[in-house]
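Asker: Need coordinates for the below:
(one chain, ligands or ions: 1)
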Amino acid sequence: MKIDKHLAAVENVRRFDTRIPEEQILPALLEVAAVTPSAANVQPWEVIVIREKRVELAECTLDPLMRDEAGLRQSWIAQAPLILLICIDRKRAAARYGAVGADRFAVQDSAVLIHNLRLKADELGLRSCWLREFDGNKVRTLFGLPAHVEAMGIIALGYSEEALEAHPSLALMDFVHIEQWSRYYGCD
Ligand SMILES: Cc1cc2nc3c(=O)[nH]c(=O)nc-3n(C[C@H](O)[C@H](O)[C@H](O)COP(=O)(O)O)c2cc1C
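Answerer: A predicted model of the protein is given here:
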């Protein structure tokens, strides 16, 4: 099944062509952070823009089962001409809500930012993929992240004409409950 056009904005593209995004696309993309919601407007995010250390970053990736083996890495990300590393600043996140802010809210806030960046990228003609499977310690060393800053996600961006098939998804009846929790439709 082909992906609906209005859903295609957030499909994950892992093959990019050789076109390089123009310099001015970056501020246009990143300005979406200003309108991204976060708990109490804490905006716990930090973003590292990566154009150079792409091969080194690929070396930090793990496979989908979080295995750390040279032959299993997501080396395709080195082909993405533009990569964003989305981090959270746990100190800033804790200032308002303490541990729950640093541990839970910041994770949610950064996920919203990642999603908004991907939507904005689509509007700017870029396609992208969200990656989480990487070795946080290696990433910390590679980019010199201080102890209170943690890498949460990678967005690989670029141009692509790739046509994707829709991935398997749950039917609405498998996860939607009307008014109260119900096991009526689904299994356990
Ligand atoms: C939090 C998160 C982490 C993800 N990490 C990865 C990743 O490390 N590598 C990858 O290729 N895709 C990653 N994805 C994309 C998912 O694989 C994708 O959304 C989903 O499985 C649909 O599969 P498809 O992209 O093959 O259609 C991630 C998505 C999310 C939301």
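
Asker: Only C-alpha atoms from now on, for both contacts and neighbour counts.
Answerer: Noted.

Asker: centre of the chain versus the helix ranked longest in the chain, how much separation?
Answerer: Ranked by number of residues, the top helix in the chain under DSSP state H is helix 106-123. With CA atoms, centre = their mean, to the nearest Å as the basis, helix 106-123 stands 7 Å off its chain's centre.

Asker: Which secondary structure elements does it sit against?
Answerer: Using 3 or more CA pairs under 8 Å, 6 or more residues apart in numbering; DSSP states H and E, the elements in contact with helix 106-123 are helix 25-30, strand 45-50, strand 82-89, strand 127-131, strand 149-158.

Asker: Buried residues, the helix or strand just after the second one. List them.
Answerer: The reference is to strand 45-50. Beyond strand 45-50 on the C-terminal side, the first helix or strand identified by DSSP states H and E is helix 54-58. Within helix 54-58, the residues that count as buried by 16 or more other CA atoms under 10 Å are 54, 57, 58.

Asker: do the same with stretch 137-145
Answerer: For stretch 137-145, the buried set under the neighbour-count rule, 16+ other CA under 10 Å, comprises 139, 140, 145.

Asker: ok, back up a step: got the contact list for the longest helix of the chain?
Answerer: Outside of helix 106-123, the residues within contact range by CA atoms under 8 Å, 6 or more residues apart in numbering are 9-10, 29-30, 32-33, 36-39, 43-45, 86-88, 90, 93, 127-128, 130, 152-153, 155, 157.

Asker: What is the nearest of the buried residues of stretch 137-145 to residue 166?
Answerer: Within the set of those, residue 139 lies nearest residue 166; the separation is 31.2 Å, counting by CA to CA.

Asker: least trustworthy helix or strand in the chain by mean pLDDT?
Answerer: helix 172-175 (a mean of 89; mean pLDDT, DSSP states H and E).

Asker: of all the helices and strands packed on helix 106-123, which lies closest to the ligand?
Answerer: Ranking the helices and strands packed on helix 106-123 by distance to the ligand, with CA to the nearest ligand atom as the measure, places strand 127-131 first at 3.4 Å.

Asker: got the angle for the closest one vs strand 82-89?
Answerer: Comparing the axes of strand 127-131 and strand 82-89 via axes from the mean of the first three to the mean of the last three CA atoms, to 10 degrees yields an angle of 40 degrees.
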